[in-house]
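Peer 1: give the three-dimensional model of this entry:
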Amino acid sequence: MSRRALLTLPLVLAACSDRPSFDAEDIRRATLGAGLPAGFLLGTATSSHQIEGGLTNDWSAWEQGTYPDGRPHIHDGSVSGDAAGSWERFDVDVGLMRNLGANAYRFSLEWSRLQPARGEWDTAALARYREQARTLREQGITPLVTLHHFTLPPWVADAGGWENPATLDDFEAYVTRVAEELGADVDWWCTINEPNVLAVFGYLDGVWPPGKKDAKAMATALAHLIEAHARAARQLRARDTVDADGDGHATRVGLAHHVRVFQPATGSTADITAAGLTDAFFNESVPLALRTGRIRLSVPAQVSIDREVADLKGSSDYLGINYYARDYVRQDFSEASLSNQYVPGGRPVNDLGWDIYPEGLYLFLRRFRDLGIPLFVTENGMADAEGIRRADYLRSHVYAVEQAVKEGVDVRGYFHWSLMDNFEWAEGYTPRFGLFRVDFASPDKARAPTPAVEGFQDIARNLGLMPMPTP
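Peer 2: Residues are numbered from 1 along each chain as shown. Modelled structure (predicted):
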């Protein structure tokens, strides 16, 4: 993530300074899965726009555009189009999940598909999503449903999107209808995916829709996204009263929060301060709001937000953590954020140049246990077109989860990104994150296992989700 706003927020925790180092031989020898608690959800994650295909929303419009210098909005020049064709191939994808031994699946609903115009509902699409949730349950796979994963219906985007406070009312109405329609088959809900990422990329860096570069707009959008979570939680708890899995809880609500380790490039006061401020905004502002019930965001000389939000405190039954990488931070007054993030040469990286640092996941799980609610790893994975390094990445990060569990951190699940290759937003189709490779050129979008599938199956077996192979 290239640039960050320099916001004045309470510096609850500075950039992680206690830096463990896992031993590669310990990871290799570990019987992964055996150290996870009973009832642990082991699954994969996807989002509607990235896999379903055939959608019309603010992202499908953005994909057609270019920057003033002529560069396409999507780095490889592609458009989402049919994506992985999962809207028609859901049963095939359930078969992939069963092949993995997964007992959970995190997927998102496409608001633009369900409500293509204000006041207009697609009842067939609602029934289709309800059928998907029911099918998962029948196959022993717990659905975790995300209500907003970056995309907006055109009629919402055209009215100002997340800058417009009226979007809060529209989103609340959407969530209300979904809870009534799907609540009998869904207990686990994720309201908003990565509000901090959407705010920065869409409203500050201008590389996602709506393509703005405005710190005030960024802070306003982020505040509205956090408030949208609180409103959604209120409606879900009121409308979804059916305990689908019989565990005594009809509704469990959380959001997915993207975190990155921001490591000072040097021991200088300047770099340590820059890393700490970046960390405070990007990693802490959302959890702080959830913990206190108050949104505090300030962009010097541009905007100051400090308000208590009804029902925000106590709105989360869990926190989802999306973790991928670490950035090194150097103070740089030529940048709008007064710093830049980079990865030093010689570090192991994925195909997108992201630093591979499994210890960071362990650090964040330890860090957020003080919230007093269960934690989930709602996304974790790597871009690996050849598919040969993903198995090691998977092992090392599940190992990180087990180390946190061993220290008493209440981690309830791990969702690998992704079940299959998909449309990776501004990067297009070039990055390959899937446990299953997708041939996007084939008529049936053929799926094929990568070597990491076997590693996932081993974890599932050790967790008791699959039978052990016969000798």
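Peer 1: how about the strands in the stretch 1-150 of the chain?
Peer 2: With DSSP state E, counting those that start in this stretch as the definition, the stretch 1-150 of the chain shows strands at residue ranges 41-45, 104-108, 142-148.
Peer 1: just the stretch 251-400 of the chain next, same as before
Peer 2: Along the stretch 251-400 of the chain, counting by DSSP E, counting those that start in this stretch, strands occupy 252-264, 294-299, 303-308, 318-331, 339-342, 375-379.
Peer 1: so which of those is nearest Pro348?
Peer 2: Taking Cβ to Cβ, strand 318-331 is the member of these nearest to Pro348, at 10.6 Å. Quick note: C-beta positions are derived from backbone N, CA and C, even for glycine.
Peer 1: show me what the closest one is packed against.
Peer 2: Contacts defined by 3 or more Cβ pairs under 8 Å, 6 or more residues apart in numbering; DSSP states H and E place strand 318-331 against strand 252-264, helix 269-279, strand 339-342, helix 359-367, strand 375-379.
Peer 1: export the ones you listed as CSV, with columns for distance to Glu227 and mean neighbour count.
Peer 2: Converted to CSV, the helices and strands packed on strand 318-331 look like this (distance: least, Cβ to Cβ, whole Å; neighbours: other Cβ atoms under 10 Å):
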stretch, distance to Glu227, mean neighbour count
strand 252-264, 12, 25
helix 269-279, 23, 21
strand 339-342, 28, 20
helix 359-367, 24, 22
strand 375-379, 21, 26
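Peer 1: of all these, which has the lowest average per-residue confidence?
Peer 2: Lowest mean pLDDT within these: strand 339-342, at a mean of 87.
Peer 1: save the strands of the stretch 1-150 of the chain as JSON lines, and put in mean pLDDT and mean neighbour count too.
Peer 2: Output for those, formatted as JSON lines (pLDDT from 0 to 100; neighbours: other Cβ atoms under 10 Å):
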{"stretch": "strand 41-45", "mean pLDDT": "98", "mean neighbour count": "25"}
{"stretch": "strand 104-108", "mean pLDDT": "98", "mean neighbour count": "26"}
{"stretch": "strand 142-148", "mean pLDDT": "99", "mean neighbour count": "24"}
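Peer 1: which stretch among those comes nearest Leu55?
Peer 2: Minimum separation from Leu55 across the strands of the stretch 1-150 of the chain (Cβ to Cβ) falls at strand 104-108, 11.5 Å.
Peer 1: who does the closest one pair up with?
Peer 2: Sheet pairing of strand 104-108 (DSSP bridges) gives strand 41-45 (parallel), strand 142-148 (parallel).
Peer 1: which one, of the ones you listed, ends up nearest to His397?
Peer 2: Relative to His397, the nearest member of those by Cβ to Cβ is strand 41-45, separated by 12.5 Å.
Peer 1: doesn't Thr146 make contact with Ser108?
Peer 2: Yes: at 3.8 Å, Ser108 and Thr146 qualify as touching, with contact defined as Cβ atoms under 8 Å.
Peer 1: what touches both of these two?
Peer 2: Ser47, Asn193 (Cβ atoms under 8 Å, 6 or more residues apart in numbering).
Peer 1: hmm, back to that, could the helices and strands packed on strand 318-331 go into TSV alongside distance to Leu36?
Peer 2: Below are those laid out as TSV (distance: least, Cβ to Cβ, whole Å):
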stretch	distance to Leu36
strand 252-264	18
helix 269-279	28
strand 339-342	32
helix 359-367	13
strand 375-379	11
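Peer 1: nearest to Leu465, out of these?
Peer 2: If you check each of the helices and strands packed on strand 318-331 against Leu465 by Cβ to Cβ, strand 375-379 wins as the nearest, at 16.6 Å.
Peer 1: what does the closest one rub up against?
Peer 2: 41, 45, 106, 144, 190, 254, 256, 258, 318-324, 361, 365, 368-369, 397, 401, 409-415, 417.
Peer 1: can you give me the first-to-last residue distance of stretch 235-246?
Peer 2: Taking Cα to Cα, to the nearest Å, the first and last residues of stretch 235-246 lie 21 Å apart.
Peer 1: what about Glu386, how many residues close to it?
Peer 2: Number of residues near Glu386 (other Cβ atoms under 10 Å) recorded here: 10.
Peer 1: state the distance from it to Gly211.
Peer 2: 33 Å (Cβ to Cβ, to the nearest Å).
Peer 1: one more: Lys445?
Peer 2: From Lys445 across to Gly211, the span is 29 Å (Cβ to Cβ).
Peer 1: neighbour count winner among these two?
Peer 2: Of the pair Lys445 and Gly211, Lys445 is the one with more neighbours under other Cβ under 10 Å, namely 21 against 15.
Peer 1: got the buried residues for stretch 30-39?
Peer 2: For stretch 30-39, a neighbour-count test (16 or more other Cβ atoms under 10 Å) marks Ala30, Leu32, Gly33, Gly35, Leu36 as buried.
Peer 1: sorry, wrong one. I was asking about stretch 409-417.
Peer 2: When burial is assessed from 16+ other Cβ under 10 Å, stretch 409-417 yields the following buried residues: Val409, Val411, Arg412, Gly413, Tyr414, Phe415, His416, Trp417.
Peer 1: other residues contacting whichever strand or helix holds the fourth one?
Peer 2: The secondary structure element spanning Gly413 is strand 411-417 (assigned by DSSP states H and E). The contact list for strand 411-417, computed with Cβ under 8 Å, 6+ apart, reads 36-37, 39-45, 104, 106, 144, 318, 322, 365, 374-381, 394, 397-398, 401, 404-405, 433, 435, 456.
Peer 1: now distance to Leu114 too, for the strands of the stretch 251-400 of the chain, in TSV please.
Peer 2: Below are those laid out as TSV (distance: least, Cβ to Cβ, whole Å):
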stretch	distance to Leu114
strand 252-264	19
strand 294-299	28
strand 303-308	30
strand 318-331	22
strand 339-342	37
strand 375-379	22
